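Build me a model:
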Amino acid sequence: MLIAVSPAGALSADYTIFPNGTAYRASIEITDTSQYEFVDTGILGEPVPLIVGEVQLSGNCSPCRFNTTSPSFTSNLMTLTFERGDYIVSYVSALHDNHLQVSFKNPYHVNITLPQEFAVQNPLLAGISPGANVTRFADNTTLIQWNRTMSADLRFYDMDREALLYFFLQFMGILAVVMLLPFLITMRKKK
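As a prediction, the model looks like this:
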């Protein structure tokens, strides 16, 4: 479960899942702030550090300068500090079990782009938090959007997992027929 928390309001958050499904690139818009914390949520809802790489800051500066505060004894969160203003914070982070969950302190427009290797159409394999708009494009990429949301949750799957599900359902259907057939034959003989 991954959560990014911004200390100030932002307009949009864009996430692009990598084709191998093991990581994503995030671009979070932030306004009128001088810091950004990378936060994940633990099992009990407690804040834990979000491990990130390739951190970039962009805005009305070239290049935008920032300092990184590493986790310490008093705060276990990695924090970016910079001159107060409006920016876009970009980073790469790992994904676990084809699941991306994000949460914010203020409403965001959230966009998650899935590459053609993944899908969200099958409700037995995928999960999407309420309020999402799903668009599948001709090249088989998928865009999932939420407007003005405080959180977004997405579980996606690859085509191998869908094939495995259909195989399992067929196997269970055959097993049910095999187990019910003697009962049905016995019932017919009694009549």
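
residue ranges with poor pLDDT in the protein?
Along the chain, the parts satisfying pLDDT under 70 run over 1-10, 41-43, 45, 71-76, 163, 165, 190-191.

those helices in it, which residues are they?
Ranges of helices within the chain are 159-190, based on DSSP state H.

Looking at it, which strand is longest?
strand 23-41 (DSSP state E).

the strands in the protein, which residues?
12-17, 23-41, 47-49, 52-59, 67-69, 78-94, 99-114, 118-119, 127-128, 133-136, 142-155, 157-158.

Quick check: buried residues in the longest strand of the chain?
For strand 23-41, burial by neighbour count (16 or more other CB atoms under 10 Å) applies to 24-30, 33, 35-41. Where C-beta positions appear, they are placed from N, C-alpha and C, glycine not excepted.

distance between that strand and the chain's centre?
Distance of strand 23-41 from its chain centroid, counting by CA atoms, centre = their mean, to the nearest Å, is 14 Å.

Can you check what angle separates it from strand 52-59?
If you take axes from the mean of the first three to the mean of the last three CA atoms, to 10 degrees, strand 23-41 sits at 90 degrees to strand 52-59.

can you put the strands of the chain in JSON lines and add distance to L180?
As requested, the strands of the chain are arranged in JSON lines below (distance: least, CB to CB, whole Å):
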{"stretch": "strand 12-17", "distance to L180": "42"}
{"stretch": "strand 23-41", "distance to L180": "46"}
{"stretch": "strand 47-49", "distance to L180": "49"}
{"stretch": "strand 52-59", "distance to L180": "54"}
{"stretch": "strand 67-69", "distance to L180": "63"}
{"stretch": "strand 78-94", "distance to L180": "46"}
{"stretch": "strand 99-114", "distance to L180": "37"}
{"stretch": "strand 118-119", "distance to L180": "33"}
{"stretch": "strand 127-128", "distance to L180": "32"}
{"stretch": "strand 133-136", "distance to L180": "38"}
{"stretch": "strand 142-155", "distance to L180": "33"}
{"stretch": "strand 157-158", "distance to L180": "31"}
